[in-house]
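[1] Below is the sequence, then the predicted model.
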Amino acid sequence: SQQGEEDPQALSIQEGENATMNCSYKTSINNLQWYRQNSGRGLVHLILIRSNEREKHSGRLRVTLDTSKKSSSLLITASRAADTASYFCATAMDTGRRALTFGSGTRLQVQP
Amino acid sequence: EAGVTQSPTHLIKTRGQQVTLRCSPISGHTSVYWYQQALGLGLQFLLWYDEGEERNRGNFPPRFSGRQFPNYSSELNVNALELEDSALYLCASSSRTGLVTEAFFGQGTRLTVV
């Protein structure tokens, strides 16, 4: 079963709007990461947030982590058509004995 | 610096055949991960190799196997192919074992089983 589940499964917005995606997970983690995938190709790492961090920024990306709720959110501000892609959260468990576990992804469509 | 490279990029096989997919990690990375992504779905973890050894395995049948070579490149073998094995197979590498940080992905191999 998937460790992470993203919500919503699909999101369609207009250019310039903000996009928010959520991720829930089930077990204790060391860190949570967000990745982007364009058109069924390889994934690109966007940002990593550690379990002792609550918020992190990178350019137009803002990630929050609530370990008490076992959830994270990814906010993309001032979206562009080029942001159209699938976004996945991935968790690294704190035992370190397992590989990254990915959620099912959110498909983001940014309309020009 | 070269990224993670996978070969071939596309492959068509017949049900019952065997296939071998290859992955070369980023130079200096010792960990290689294999994931399966069926069309429109998330990534399912297959195998994790580090320093030549299998560290962890996902919930896949034994006909999915692999190995890692001394130069840290890796192969994924799938025997007795079934139609549902059709998917994008992604390889990723990272520089650390234990607590996993950023993983770097290849562009994947698209396998179609007919």
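    Cool, the structure landed.
[2] Return the list of helices and strands in contact with the lowest-mean-pLDDT helix or strand in chain A.
    Counting by mean pLDDT, DSSP states H and E, chain A has its least confident helix or strand at strand A:5-7, which shows a mean of 85. Helices and strands touching strand A:5-7, by 3 or more C-beta pairs under 8 Å, 6 or more residues apart in numbering or on different chains; DSSP states H and E, are strand A:19-24, strand A:85-93. Bear in mind the C-beta positions are built from the backbone N, C-alpha and C, glycine included.
[3] interface residues of chain A facing chain B?
    A:2, A:30-31, A:33, A:35, A:40-45, A:48, A:88, A:90, A:92, A:94, A:96-105 (C-beta under 8 Å from any C-beta of the partner chain).
[4] make it 6 Å
    Residues of chain A lying near chain B by C-beta under 6 Å from any C-beta of the partner chain: A:30, A:40-43, A:45, A:92, A:96, A:98-100, A:102-105.
[5] so who does the closest residue to B:Cys23 other than its chain neighbours touch?
    Of all residues beyond its chain neighbours, the one nearest B:Cys23 is B:Cys91 (3.5 Å), with distances taken as C-beta to C-beta, 6 or more residues apart in numbering or on different chains. By C-beta atoms under 6 Å, 6 or more residues apart in numbering or on different chains, the contact list for B:Cys91 reads B:4, B:6, B:23, B:34, B:106.
[6] Bridging across strands, which residues link to B:Cys91?
    B:Trp34 (DSSP bridges).
[7] For A:Pro112, see how far away it is.
    Distance of B:Cys91 to A:Pro112, given as C-beta to C-beta, to the nearest Å: 33 Å.
[8] Against A:Ala10, how distant is the residue most central in space within chain B?
    When chain B is reduced to its mean C-alpha position, the nearest residue by C-alpha atoms, centre = their mean turns out to be B:Trp34, at 3.1 Å. Here B:Trp34 is placed at a distance of 27 Å from A:Ala10 (C-beta to C-beta).
[9] Ok, A:Cys23 next?
    Look at A:Cys23 and A:Ala10: by C-beta to C-beta, they are 15 Å apart.
[10] number of nearby residues for A:Thr27?
    As a burial measure, A:Thr27 scores 12 neighbours (other C-beta atoms under 10 Å in any protein chain shown).
[11] Which stretches in chain B count as strands?
    B:5-7, B:10-13, B:19-24, B:31-37, B:44-50, B:53-57, B:64-68, B:74-78, B:87-94, B:104-105, B:109-113 (DSSP state E).
[12] any chance of those in a markdown table, plus distance to A:Asp83 and mean pLDDT?
    Shown next, in a markdown table, are the strands of chain B (distance: least, C-beta to C-beta, whole Å; pLDDT from 0 to 100):
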| stretch | distance to A:Asp83 | mean pLDDT |
| --- | --- | --- |
| strand B:5-7 | 25 | 97 |
| strand B:10-13 | 27 | 97 |
| strand B:19-24 | 28 | 98 |
| strand B:31-37 | 20 | 95 |
| strand B:44-50 | 26 | 93 |
| strand B:53-57 | 33 | 91 |
| strand B:64-68 | 34 | 97 |
| strand B:74-78 | 31 | 98 |
| strand B:87-94 | 21 | 95 |
| strand B:104-105 | 19 | 94 |
| strand B:109-113 | 24 | 97 |
